[in-house]
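> Predicted model, plus sequence, below.
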Amino acid sequence: MTARRLLWGAGLVGVLLFLIYYTEYLSFFVCVLWVALPVCSGLLFLPLRGKVQVRLRAKDATVPAGETAEWLLDFENRSHLPAGPIWVRWTCEDVLTGEHVRKKAVFPAARGSWQIALRVEAPYCGRLLCRLERVRVCDVTGLFSLSCRIAGEKSADTFSLPPLQAVDILPPLRREESESGEYDRYRPGTDRTEPFGVREYRPGDPPRSIHWKLSEKRGELLVREGSLPLPEGPAVVVDLCEAPPEDLDTAAQAALLLSMSLVSAGVRHRLFWHDRTLWQAEIENEDTWAQAAGRLLRTPPQEKPLAAAAVAAQAPVLYVSTNAAGAALLPEGSTVFLCGEGPFPAGAGIRVPAGSAAEAVAAALAEA
Amino acid sequence: MRIRKTEGLSALPPAVRQQPKHARAAGVVLDCVLLAALLGGFIGAVLDTYQLTAFPLPLYGAGIVSAVAVRLCLKWKRAGLIFGIVLCGVWGWFLFTFFSQITAGAVQFLNEVLGGLARESSNSLQFYPWTLPETAESPQWLETLFLLAVLPVLSTLLALCVWQKRTILAGLLLVVWMVPALYFTILPPMWAVAVVLAALAALSAVHTAAGRHALSGLQAPAKYGVFSFVAVLLCAAVLLFSLPPAAYTRGETLEHVRAVMEGFLDAAGPNRRRTGLANTDGPVNMQNASGVSFSGRTVLRVQGPAGEPLYLKSYVGAAYEASTWTPPDGSVFETFLEGQAVQDALNPQLFPARFEDLSDQNNMDFAPEQENRLETLSVENVGANPRCLYVPYGLTALPENAVFDGDARAVFTSFFGETSYAVPFTLCRDDSAGTTWMESGGLTAEWPVYYPSESFSLLFRGPANTQQIYSIINAMGQSLLEDGAGIFNYSLMARAIDEMTRYGWMNTNHTDEERLALRFLSAWTNQQQRERAVSTFSVESLNAYYEGLYTAPLAPITAEGVEGAPLDLSAFDAETAAYWDYEAAYRAAIYEPYTQVPDALRQVLETWLSEQGFERGDVYTATDSMDTIARAIADALAETCTYTLSPGAPPEGVDFIDYFLNENHKGYCVHFATAETLLLRTLGIPARYAEGYYLPATLLTEGAFCDVADSRAHAWVEIYSPGLGWVPFEATPGYSAVTTPDNVAQSTLDDSTSSAAASSSEAPASSAASQAETESAPASQAASASSGTASAAPAAPGQAIPEDGVRNVLSLLAFFGLLAAVVFGRHLFVQRRREAAFRPDTNAAVVAMFAYLKRLESHGAELPPEAVRLGEKARFSQHALTADECARMREFAAGTSRAFFARQPNAMARFSVCYLQNLCYRPKRRKERK
């Protein structure tokens, strides 16, 4: 539009010079037309206000990393008057890696409804947030513009997920489970200090498990069930510091891979990450894993490494980071995965080169 | 937290996932319509502007059809390629078959175009038509065939531009052919301009709507282009209707701005070579003198004697043939010089100054203190042709870096000319009064045209000669004093000589000195008698008369009463005698070339002279001098012809002067000067055509440079004055030395008047100026060039764009604006009301509809009670109304609105409730939004 205005202004200068130097009617005619046409166009353009509407939505909730993510723009023009092009300025940001693109697109303003796809190629995993910054419709001369109404939200997101293949967890990780102090909510156990529930007496139940008071009230024998204590499981700590996007992608991929592998092995564990505060998620199954993965992927990289000592865990700690500084205060027996190109001190941990998280994690777990 | 932009995340071009519903073919149809409009307008403009005689219908058809065909080829892809090859084949066959005719047509086309441009160029463009090859077809068909061969190329290029929506390129492709015409202010027809502009605007609108980054497969609706096309045509029609071209008058402010800008450019940039009137150095084709106009810009800055009118000559036309003045080629003067034994002979352009100098030396005793005024004219060429050297009459010497170009003009030795120079000259002197011609009451810048005897007596009228002759006569006992004042009376002396000759007193014993004096007197008397010997006023007799006058040497009458040997004047004054003999020889040499008139014109000129009475002795008498006769001719021209700056060009095949004298009777200085020159030549008086700048007496101020505007360009006559040389003569009516109105003011003389302005001595500048205020010629009628020549539309003083036109435009705009406001206002109201009625929030929707119903009730409508209940429920209840209740409320609103509308008594009331009060409500069933 600025170019159009400059062009019209240059044309106006030319027309005025023509009017000054050329003494005949033609110069006056051309000058009046040159000035009158944008004015008329602008006047007829005013009723277009509010008639052009756009809605943004993500085509898919998730896309594999490296694939093309799409957001759909649904346009609707309810005006019969002619309209010029529609200018859309939009941005897309990968929250995890901190990358962003800012683009401007121009579409002809047709009549009725039509749909345009905004496409972004995301090589890394993360939460891709697409936002409409500005949507304007111009008149036929391209000199004037009005804001288009954006129905719904101005932003829409989709997740770019890394390719994950669960790795077999080694026995040491499985054997060294200790009690976590929590109990299974769905299955009873033998720990009578934590009641699980009350049920009818079955032959074979020990007499000391009979709840005499309730039994008297109910008129039937009822027994107490104890809770099943849950083992502590390993802690997967993800420390995403500021690093190149490929390193952050590798770190996220490695952490999710580790977590998924634990889930596949039936190992209950906790996932830690920090976003100014320390977050943790209990990963028990695929659903909780997916929830935690979504929350992890929308975490932006932090300026300072996580104080890993804050992670109170007796179980082995699997520390995944792009920075070796946070690994210094880890409890003994922790396994450190250093993702990216580094530089990392020698012996600081297991190197996970960018783009090869799966292989590195699998090799590390095999050795462990 | 820093966000870094990296190469990982990258945006891909957007893609179309769902097309809008519109006809794809409409885009191609629109392109074809635009092509038809562009080519139709262009062809019409070219045919009309250049006055082409080609047949228009085949051109329209071929141009449009070829453009549409090319456009369809571009759409059909593979089939189009085949079709395009076929078209090329057809075009190639056409070229091959009619090659000779096309070639001839090209010649005809160029003749018409360049001839038309030359006619409008005010002589700045000289063109002589080429001869057409002989063919069986008429020139119209030849030109048509040529254009038919060329148009497909233009059509193809235009079709490509339209296909690619290249508005600027398409515009340039069309405008470039009109530039030569626009340069010479030849306007295309406005309808063609409007159609072409409308088509370009439509093309631009479609291009804009598509956007620069248009997606493939997503097109703007073609109707946007149609809308723009219609809108521009409508605007153009409104403009042409409210302010038509004939009523357009350029405002003063614009002219002032233009003058300022041109002055700035001229001051800042190098001198641009000017052409046209007073800026020519080659042949001048009078067929192109259809009109001239001036911008008032300064072309010269001069410093000279205050209060003296001056002609600054730069061009002389010697031979007139086929309506063209040609400068002298120098052969006459070179032939003359070969016959002279004098080394470094005096150039005839110095004759006036030499005459003044010699006559001043020999002036009479009663005015010995009167000397010739020697002046210097300083010239700065700021806008005229720098190769032209503008010099006044009475030249005493040339400026540096200048030489004489034969006997007609002076030129610079440098090819690029000079922009600043000084010219010494002497003012014309009234020897009888001992003052300048101007000081003695002369009203023109003309110099006198003497009889040979007059100049002879002025030259040799020295005290010595006078006293000598006087004493001889006195000694002979003849008292010739009339009034006792001692004034030497030539006429009395002539009688005395006559008597002495008759009575044989020449036979008495006289001294050699006395005899010489008597021979002097006798020769002078003989010359005078010869000068008064016209017996009849027929052209033949006048030619013989003037031939004798100009060419016969001074010879005394012998005692036998016959003409003796030519007089040797060196005994009286060797220097003056040498000059006199040299001048007489030159006079005789140039007499025949400068009295030539084309044979085809001679009869026309003689007939005109006869009709004006020049053969009956009514107009002048035998004792009148040549300049009196010239003045009589000028007066006759002023009586029969009208001065105007836009007389129009003569028809092809008609001579310029014949058309001016016998048909048109309208012209400006070049017309009058040419006519005067040829008429004088017809009578046998040597004359030639001159151009340059005329400075009236009031222009120059002492000691300061004064601006000379381009409107001072002028043409006049040079008459050969025996003894004096070539002197200027003013033939254009209305010029005076006191205050000369500009040519602009002259142009305001009403063409409807039967006679031209008053004679040069009595043209009051104030009345001419005031006439300029009210009767300015329409600018559209003045053929002018916008730049590059010293001409533009005259600065019409005082009158801007007529108020009526502005009022009309404003009125129309206001009317359409009001209409648009009414229509769109209603549309807006109704839309808002609809949106409010279909809000997702049912309570809010019902409340909005209830408010509408209350408004209807205030105008007299009756509300259904159920509607009131629903409205109150929506307003005060905490429960949300159902969709059914909302739909019922909509029905109530629609029904009440219809009933209210039906109850209106008349159309005006219905119009008022619909469009002015926006009360009516006709909710339509809304489509479900996706």
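Nice, thanks for sending it over. Because the structure is predicted, anything quoted here is derived from the model rather than measured.

> what's the helix or strand for the residue of the stretch 251-400 of chain B found nearest chain A?
Nearest residue of the stretch 251-400 of chain B to chain A, counting by C-beta to the nearest C-beta: B:Arg258, 5.0 Å away. Heads up, the C-betas are built off the backbone N, CA and C, glycines and all. Here B:Arg258, judged by DSSP states H and E, is contained in helix B:252-268.

> Beyond that helix, next helix or strand please.
Using DSSP H and E, the helix or strand that follows helix B:252-268 in sequence is strand B:284-285.

> mean confidence for that next one?
In this model, strand B:284-285 has an average pLDDT of 81.

> Same check on stretch B:16-24?
Here the average pLDDT along stretch B:16-24 is 64.

> ok, now stretch B:149-164?
Rounded mean pLDDT across stretch B:149-164 is 90.

> care to break chain A down by domain?
Domain ranges of chain A: A:48-161, A:186-230, A:232-367, per automatic domain parsing.

> Whether the last one contacts chain B - can you check?
Which is domain A:232-367. Yes. Counting by C-beta under 8 Å from any C-beta of the partner chain, contacts between domain A:232-367 and chain B involve A:242, A:244-246, A:300-303.

> before we move on, what SS does the residue nearest to B:Ala422 when sequence neighbours are not counted have?
Among residues not flanking B:Ala422 along the chain, B:Ser378 sits closest, at 4.7 Å (C-beta to C-beta, 6 or more residues apart in numbering or on different chains). Of the three states, B:Ser378 takes strand according to DSSP: H, G, I helix; E, B strand; the rest coil.

> which residues does B:Ser378 bridge with?
B:Gln303, B:Ala422 (DSSP bridges).

> The domains of chain A: which one's closest to A:Gly14?
Closest approach to A:Gly14 among the domains of chain A is made by domain A:48-161 (16.3 Å; C-beta to C-beta).

> Quick check, B:Cys886 in contact with B:Ala845.
Yes. With contact defined as C-beta atoms under 8 Å, B:Cys886 reaches B:Ala845; the gap is 5.4 Å.

> returning to that earlier point: relative to chain B, which of the residues of domain A:232-367 next to chain B is nearest.
Nearest to chain B, judged by C-beta to the nearest C-beta, of the residues of domain A:232-367 next to chain B is A:Pro245 at 4.8 Å.

> B:Thr677 and B:Leu813, how far apart?
57 Å (C-beta to C-beta, to the nearest Å).

> Looking at the two, which has the bigger crowd around it?
Legend: neighbour count by other C-beta atoms under 10 Å in any protein chain shown for B:Thr677 and B:Leu813, higher for B:Thr677 (31 against 16).

> A helix includes the more buried one, no?
Yes. Assessed by three-state DSSP, B:Thr677 belongs to a helix.

> Isn't it up against B:Ala687?
Yes. Applying C-beta under 8 Å, one finds B:Thr677 in contact with B:Ala687, separated by 4.6 Å.

> anything in contact with each of the two?
Here B:Thr677 and B:Ala687 have B:Val717 as joint contacts, going by C-beta atoms under 8 Å, 6 or more residues apart in numbering or on different chains.

> Including neighbour count, could the residues of domain A:232-367 next to chain B go into TSV?
Output for the residues of domain A:232-367 next to chain B, formatted as TSV (neighbours: other C-beta atoms under 10 Å in any protein chain shown):
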residue	neighbour count
A:Glu242	18
A:Pro244	19
A:Pro245	24
A:Glu246	20
A:Pro300	19
A:Pro301	26
A:Gln302	17
A:Glu303	9
